[in-house]
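# Below: sequence and its predicted model.
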Amino acid sequence: PGEREENETSKGLRVADKGFLNTAVLRSEITYIDGEAGVLRYRGYPIEQLAVQSSHLETAYLLIYGSLPTKHQFQTFQDEIMHHSVIHADAEQFFRSFRYDAHPMAILTGALAYLGSYYSEANPSLQGQNLFTKGDKASLAIMDKQIYRLIGKATTLAAMAYRVRQGREFVTPPTGLSYTGSFLYQMDHLGQENYVPNPVLEKALDVLFLLHADHELNASATTVLQTSSSLVDPFSAVAAGCASLYGPLHGGANEAVIRMLISIGKPENVPAFIEAVKKREKVLSGFGHRVYKTSDPRSFIVRKTADEVFKITGKDELLDTAMALHDAAMKDEYFIKRKLAPNVDFCGLIYRAMGFPNDFFPVLFAVPRVVGWLAHWRQMMLQPGGVKIWRPRQIFVGAAKRDYVQVDDRI
Ligand code: ACO
């Protein structure tokens, strides 16, 4: 429902739309979701086809530039991204300044903003001009370079956020490995020397990255666009998106799923947990979605990927509890009535089986989502008519005019 409020700056209807349930803020060509039918397409291509036939980096190109790359375009894109994966040695001091128990999302969010301080050429505030909305060859090239840097360095920053907490030396990005292979190498998360990524795990991570690459105007993509609408540099905007993703209602949910499963323990405790959720004493993380009113199409691919990973790593001990929870919720009238189904966040079980710590899961969401954030940023910068600053209105319900009272006269 709208509320009418007249004032000097705006005459007409002002709509109070808490949570933006019905507000479309732009026209987009990037990602299509039909939440009732469970359809997800990137630039028109069904997610099911991309997950089987494409790769995360090829899909990144598709999302950002609008079409599948030719062999040459892909090779250049991949080479540029891998070339830009190295971080300046000074950044080590920045990482070392965090406490040993800092949450890796706090480190990553800070590191993304920090990274921007290296590239004044990409900062419209410092350049005194809008670099990105012109659309000419020179500004498109500057834009591309920031895209390569952010995608290339996202894995390196993430691996540094991981290693610093263990007091370990940082690893220079290797050459000759794939995007996820290089990431796993830098993480060296199993603690082996001369770590060579297992090809099945490398591929599984690539599929999960592809599934997480974009999801239209979720909270973090919207944050990136809101922030970018002031024409700030893309590093700051992506850092803002990362902060938004950190929350447990968004990217933090995959970490929350594991905490929830651990707290439930055995499958026989599931019915009591479901009752507590229905009484609103507990939250069923990994269920429900603003847009999907049926199963998230990504959840089927996650399940298939889990089977492949578990063949290598062994089955996660929480899997039986997760399946019991899934089956109980899908049969329960409370969840059926509200159209609550599993979202993509159950992939935490795969990350756990691969040996990543629980609090690292949101980072494994943020790294691939950098792609989607940049696709939205680029589209916004190049939209016809230029960028208009995002400045929503409010319905003011506070005090009417009051006169200041001296401190001694206050009661
Ligand atoms: N468990 C129990 N009840 C739920 C859940 C849940 N996970 N999700 C929604 N509901 C209930 C709400 O209480 C509400 O009930 P009511 O109408 O009786 O008050 C109804 O379902 C509608 O839910 P809303 O919160 O209004 O839906 P909204 O679109 O605002 O929120 C959200 C969506 C935030 C994802 C929500 O479903 C949720 O909190 N889920 C758990 C956290 C989670 O998994 N987040 C990840 C989302 S996906 C992603 O970011 C990758």
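Arrived safely.

# Could you list the low-pLDDT ranges of the stretch 51-200 of the chain?
Counting by pLDDT under 70, the stretch 51-200 of the chain contains low-confidence residues at 189-194.

# From the ligand, how far out is residue 316?
Distance of residue 316 to the ligand, given as Cβ to the nearest ligand atom, to the nearest Å: 19 Å. Every C-beta, even on glycine, is put in place using the N, C-alpha and C of the backbone.

# What of residue 243?
14 Å.

# How about residue 403?
40 Å.

# likewise residue 405?
40 Å.

# Residue 323 now?
Using Cβ to the nearest ligand atom, one obtains 17 Å as the distance from residue 323 to the ligand.

# if I look at the residue of the chain found nearest the ligand, how far off is residue 139?
When scored by Cβ to the nearest ligand atom, the chain has residue 288 as its residue closest to the ligand, at 2.3 Å. Residue 288 is 41 Å from residue 139, where distance means Cβ to Cβ, to the nearest Å.

# Among those two, which residue is more densely surrounded?
Shown here are residue 288 and residue 139; by other Cβ atoms under 10 Å, residue 288 has more neighbours (20 against 17).

# Please list the residues of this structure that sit near the ligand.
Within reach of the ligand by Cβ under 6 Å from any ligand atom, the chain has these residues: 19, 249-251, 253, 277, 283-290, 338, 340, 343-345.

# Can you go through these and name the buried ones?
Buried subset of these (neighbour count, 16 or more other Cβ atoms under 10 Å): 250-251, 253, 277, 284-289, 340, 343-345.

# So of those, which two are at opposite extremes in space?
251 and 277 (21.1 Å; Cβ to Cβ).

# Could you list which residues are in contact with the nearest residue to residue 147 once chain neighbours are set aside?
Using Cβ to Cβ, 6 or more residues apart in numbering and skipping the chain neighbours, the partner closest in space to residue 147 is residue 374 (5.2 Å). Neighbour list for residue 374: 64, 146-147, 150-151, 234, 238 [criterion: Cβ atoms under 8 Å, 6 or more residues apart in numbering].

# does residue 207 sit in a helix, a strand or a coil?
helix (DSSP: H, G, I helix; E, B strand; the rest coil).

# so who does it touch?
51, 56, 301, 305.

# any chance of those residues in TSV, with distance to residue 389 and secondary structure too?
Shown next, in TSV, are the contacts of residue 207 (distance: Cβ to Cβ, whole Å; DSSP: H, G, I helix; E, B strand; the rest coil):
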residue	distance to residue 389	secondary structure
51	37	helix
56	33	helix
301	38	helix
305	41	helix
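
# I'd like those laid out as a markdown table, including distance to residue 314 and neighbour count.
Formatted as a markdown table, these follow (distance: Cβ to Cβ, whole Å; neighbours: other Cβ atoms under 10 Å):
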| residue | distance to residue 314 | neighbour count |
| --- | --- | --- |
| 51 | 24 | 22 |
| 56 | 25 | 23 |
| 301 | 21 | 22 |
| 305 | 15 | 22 |
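
# which helix in the protein runs the most residues?
Criterion DSSP state H: the longest helix present in the chain is helix 137-164.

# Hmm, residue 174 is touching residue 185, no?
Yes. With contact defined as Cβ atoms under 8 Å, residue 174 reaches residue 185; the gap is 5.0 Å.

# So the two - more neighbours on which side?
Neighbour comparison, residue 174 and residue 185: the larger count goes to residue 185, with 22 against 13 (by other Cβ under 10 Å).

# Now do the helix or strand in which the more buried one is found: which elements does it pack against?
Residue 185 belongs to helix 179-187 when assigned by DSSP states H and E. In terms of contacts (3 or more Cβ pairs under 8 Å, 6 or more residues apart in numbering; DSSP states H and E), helix 179-187 is packed against helix 56-65, helix 71-83, helix 137-164, helix 199-212.

# all helices of the stretch 301-411 of the chain, in order?
Secondary structure of the stretch 301-411 of the chain (DSSP state H, counting those that start in this stretch): helices at 319-331, 333-337, 348-353, 361-381.
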